[in-house]
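Engineer: this is a predicted model, with the sequence first.
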Amino acid sequence: MAEMWGPAQLGLSVSPQSNGLVERFNGTLKMMLKTFMNQHPQDWDKYLPHLLFAYREVPQESTGFSPFKLLYGRRVRGPLDLMRDEWEGKAAPEGKSVVEYVLTFRERLAELMGLAWENLARAQRRQKVWYDRTARARAFATGDQVMVLIPVRRNKLQAAWEGPFKVIKQLNEVNYVVELSNRAHHRRVYHVNMMKPYYDRGNVVLAVCGHWEGQGDDPLIDLFPGTKAGSPLEAIPLSDQLTPGQHAEIRGVLHLYRQLFSNQPGRTNLTVHRVETGSHAPIRCSPFRVTGKTAQDLEREVRDMLALGVIQPSSSPWASPVVLVPKKDGSIRFCVDYRKLNAITVSDAYPMPRPDELLDKLGGARYLTTMDLTKGYWQVPLDTDARLKSAFITPLGLYEFLTLPFGLKGAPATFQRLVDQLLRRMESFAVVYIDDICVFSQTWEDHMSQVKQVLDRLRKAGLTVKAEKCKVGMAEVSYLGHRVGSGCLKPEPAKVEVIRDWPAPQTKKQVQAFIGMAGYYRRFVPHFSAIAGPITELCKKGKPDKVIWTEQCQEAFRALKEALVSGPVLANPDF
């Protein structure tokens, strides 16, 4: 029936699959709606006819005419035209006969189409000139290894480079047949713009195994110095204010506890972490897809954690996916997405200490020593049930944690309870926030005795300390984002630099990030709430996600940055 009486071309006017121009317009329409909804979040649907009318009366850059004029052969009379005619008192034009109107209409459309094609050709030539300035000819030979831009399976609107894949043959100047080894359809045709060359890394000799003849006392080179059981005590910075005798004294104390300083996480015997989920059924997620270098990074992280005894192969019915987050230095951070597990986990109400109260205790001390536990969470074991629930799934298999992983709900509370128990009855000279410990004293003799007491507690608990992050006998130290000591308290200079270089926010999330960062140092800014008022107003419910940055907001933004960059200092309270 469609062949005999149906239309010559089957397709829907609003279906992207039937018309490339419709697909392109849908993208433009989505962008227009997104911008319009940000400005009118409550009643945007009432103004859709006005939005479409405004779009149809604007001339298109390539054709030189508006869509309305190309469709009806005349310029649309909008609200401004009606108001102008009313003001000028123009009379309505006289009507024409049907035949005269149709003939005039056909002539006008033919003239407009000719002009539109000329304008379009001129615009295409201009676009080609600009495109060719940066375009580079690319060609691949049969057998070349290439990366291919392929849509992500979980989200068809996103694409990622995958490979390497092998080029089978070249169909024409721009199309190639590529063999996909990890796909159901092994061979597909790809445009050259969807491909880029793959550069393989050369092989590097890591070690040579063979017979060695030489002196028996030849020194051996340690290929992995960071994996020694004990890190060198010389890496611990000592204060310049200490005398040579005090230096020797503190070195002797540190030497007594030298096994405590290690780059390997210890294993405490004071507590275990539990995950309470009630009678909820196990949650099992599929692994996220990883390819190329990401797969190599994942394999290396799993291998390192197995060597440290942090994880083990698992047969658990629970499974959470792994996420690899890139760091600024180009390395990756291994994370497990425990959001679904955390949603059914019973909360731990153990209180966390207030940073301002801890800082007030430290400000008046003459001697300060800070200690940072080595991979603090990994020093807390999990109970048997929690191990099963901590299982994570990767393309390499299913593994479970033996120690407390990052990202579990209740992990900060468990660790804070541990360190509070560890330093009980030491509150007068030691404070701790999760894995950051600080010992403070007024005299050197007291400081030596108190540091020994803390180190002794850590050794008995089976914990280890990272030597490179310790500072001993300092007059000032960095603690919880502040410089504290010598009776003063001021913001950390590195954090102040971040605030000084902070660009003006454009979205709600960016505003919230700035307010959160600046609000952490609100004690250094008099009348902080009043100054930040115009900015915090942008975060209220009902405000558009893309903020309207006014002069008042810019002035408040500048005032907050100047107040923190000016180097504010608070005197320590005398209780």
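Structural biologist: Structure's in. What do you need? Numbering: from 1, shown residues only.

Engineer: can you point me to the longest helix in the protein?
Structural biologist: helix 98-134 (DSSP state H).

Engineer: other SSEs contacting that helix?
Structural biologist: helix 67-72 (3 or more Cβ pairs under 8 Å, 6 or more residues apart in numbering; DSSP states H and E). Quick note: C-beta positions are derived from backbone N, CA and C, even for glycine.

Engineer: what lies in contact with the helix it packs on?
Structural biologist: 55, 56, 57, 59, 60, 63, 75, 76, 112, 113, 116 (Cβ atoms under 8 Å, 6 or more residues apart in numbering).

Engineer: the fourth one: which element?
Structural biologist: Assigned by DSSP states H and E, residue 59 falls within no helix or strand.

Engineer: contact partners for the residue nearest to it when sequence neighbours are not counted?
Structural biologist: In space, and not counting its chain neighbours, residue 59 is closest to residue 66: 4.9 Å by Cβ to Cβ, 6 or more residues apart in numbering. Contacts for residue 66 were tallied using Cβ under 8 Å, 6+ apart; they are 56, 57, 58, 59, 60, 75, 76.

Engineer: can you tell me the average pLDDT over stretch 120-132?
Structural biologist: Stretch 120-132 carries an average pLDDT of 81.

Engineer: helix or strand: which one has the spatially most central residue of the chain?
Structural biologist: Nearest to the mean C-alpha position of the chain, counting by Cα atoms, centre = their mean, stands residue 325 at 7.1 Å. Per DSSP H and E, residue 325 falls inside strand 320-326.

Engineer: pairing partners for that strand, with directions?
Structural biologist: strand 332-336 (antiparallel), strand 392-394 (parallel) (DSSP bridges).

Engineer: got the CA positions of the longest one in PDB?
Structural biologist: Pointing back at strand 332-336 there. What follows is strand 332-336 as a C-alpha-only set of coordinates in PDB (Å, rounded to 0.1, in the frame of the first residue of the first chain):
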ATOM      1  CA  ILE A 332      45.100   8.100  39.100                       C
ATOM      2  CA  ARG A 333      43.300   7.600  42.400                       C
ATOM      3  CA  PHE A 334      41.700   4.200  43.000                       C
ATOM      4  CA  CYS A 335      38.100   4.600  44.300                       C
ATOM      5  CA  VAL A 336      35.200   2.300  44.800                       C
END
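
Engineer: residues making contact with that strand?
Structural biologist: In contact with strand 332-336 (Cβ under 8 Å, 6+ apart) are residues 294, 297-298, 301, 305, 320-327, 390, 392, 405-407.

Engineer: just how off-centre is that strand within its chain?
Structural biologist: Remark: strand 332-336 is offset 11 Å from the chain centroid, using Cα atoms, centre = their mean, to the nearest Å.

Engineer: so how far is residue 552 from residue 482?
Structural biologist: 30 Å (Cβ to Cβ, to the nearest Å).

Engineer: all helices for the stretch 401-550 of the chain, in order.
Structural biologist: 411-422, 444-461, 493-500, 508-519, 528-536 (DSSP state H, counting those that start in this stretch).

Engineer: between the longest one and helix 411-422, how big is the angle?
Structural biologist: Relative orientation of helix 444-461 versus helix 411-422 (axes from the mean of the first three to the mean of the last three Cα atoms, to 10 degrees): 120 degrees.

Engineer: which parts of helix 444-461 are buried?
Structural biologist: Within helix 444-461, the residues scored as buried using 16 or more other Cβ atoms under 10 Å are 444, 447, 448, 450, 451, 453, 454, 455, 457, 458, 459, 461.

Engineer: which pLDDT value goes with the fifth one?
Structural biologist: Predicted confidence (pLDDT) for residue 451: 91.

Engineer: scan the protein for its longest strand.
Structural biologist: strand 159-170 (DSSP state E).

Engineer: which other residues reach it?
Structural biologist: Under Cβ under 8 Å, 6+ apart, the answer for strand 159-170 is 139-152, 176-182, 187, 196, 198, 200, 291-292.

Engineer: restricted to strands, list these.
Structural biologist: Per DSSP E, the contacts of strand 159-170 map to strands at 145-151, 176-179, 187, 196.

Engineer: buried subset of these, written for ChimeraX?
Structural biologist: To isolate the buried subset of these in ChimeraX, counting by 16+ other Cβ under 10 Å, use the following:
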select :146,147,148,150,176,178
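
Engineer: turn the ones in strands among the contacts of strand 159-170 into a markdown table, columns for pLDDT and distance to residue 160.
Structural biologist: Supplementary listing: the ones in strands among the contacts of strand 159-170 in a markdown table, determined by pLDDT from 0 to 100; distance: Cβ to Cβ, whole Å:
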| residue | pLDDT | distance to residue 160 |
| --- | --- | --- |
| 145 | 89 | 17 |
| 146 | 91 | 14 |
| 147 | 90 | 10 |
| 148 | 89 | 10 |
| 149 | 88 | 7 |
| 150 | 85 | 7 |
| 151 | 81 | 8 |
| 176 | 93 | 19 |
| 177 | 93 | 21 |
| 178 | 91 | 16 |
| 179 | 89 | 19 |
| 187 | 85 | 20 |
| 196 | 90 | 13 |
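
Engineer: looking at the ones in strands among the contacts of strand 159-170, which one is closest to residue 477?
Structural biologist: Lowest distance from residue 477 to the ones in strands among the contacts of strand 159-170 (Cβ to Cβ) belongs to residue 147, with 47.8 Å.

Engineer: leaving out chain neighbours, which residue sits closest to that closest one?
Structural biologist: residue 163 (3.9 Å).

Engineer: count the neighbours of the one you found for me.
Structural biologist: 21 (other Cβ atoms under 10 Å).

Engineer: what's near enough to touch residue 473?
Structural biologist: With Cβ under 8 Å, 6+ apart, residue 473 has these contacts: 238, 239, 241, 242, 246, 250, 367, 368, 369, 444, 447.

Engineer: what do you get for residue 438?
Structural biologist: Residue 438 touches 358, 362, 368, 369, 370, 371, 430, 431, 432, 477, 479, counting by Cβ under 8 Å, 6+ apart.

Engineer: and the closest residue to residue 271 other than its chain neighbours, how many residues sit next to it?
Structural biologist: In space, residue 271 comes closest to residue 418 once its chain neighbours are excluded; the distance is 5.0 Å by Cβ to Cβ, 6+ apart. Number of residues near residue 418 (other Cβ under 10 Å) recorded here: 24.

Engineer: before we move on, the earlier item: what is the nearest of the contacts of residue 66 to residue 511?
Structural biologist: residue 58 (32.3 Å).

Engineer: for the closest one, which residues are in contact?
Structural biologist: Contacts of residue 58 (Cβ under 8 Å, 6+ apart): residue 66.

Engineer: against residue 69, how distant is it?
Structural biologist: 11 Å.

Engineer: on that earlier part again, worst average pLDDT in the helices of the stretch 401-550 of the chain?
Structural biologist: Minimum mean pLDDT among the helices of the stretch 401-550 of the chain: helix 493-500, a mean of 80.

Engineer: list the buried residues in that helix.
Structural biologist: Buried, per 16+ other Cβ under 10 Å, within helix 493-500: 495, 496, 499.

Engineer: check stretch 271-284 too.
Structural biologist: Neighbour-count burial for stretch 271-284 [16+ other Cβ under 10 Å]: 271, 272, 273, 274, 275, 277, 283.
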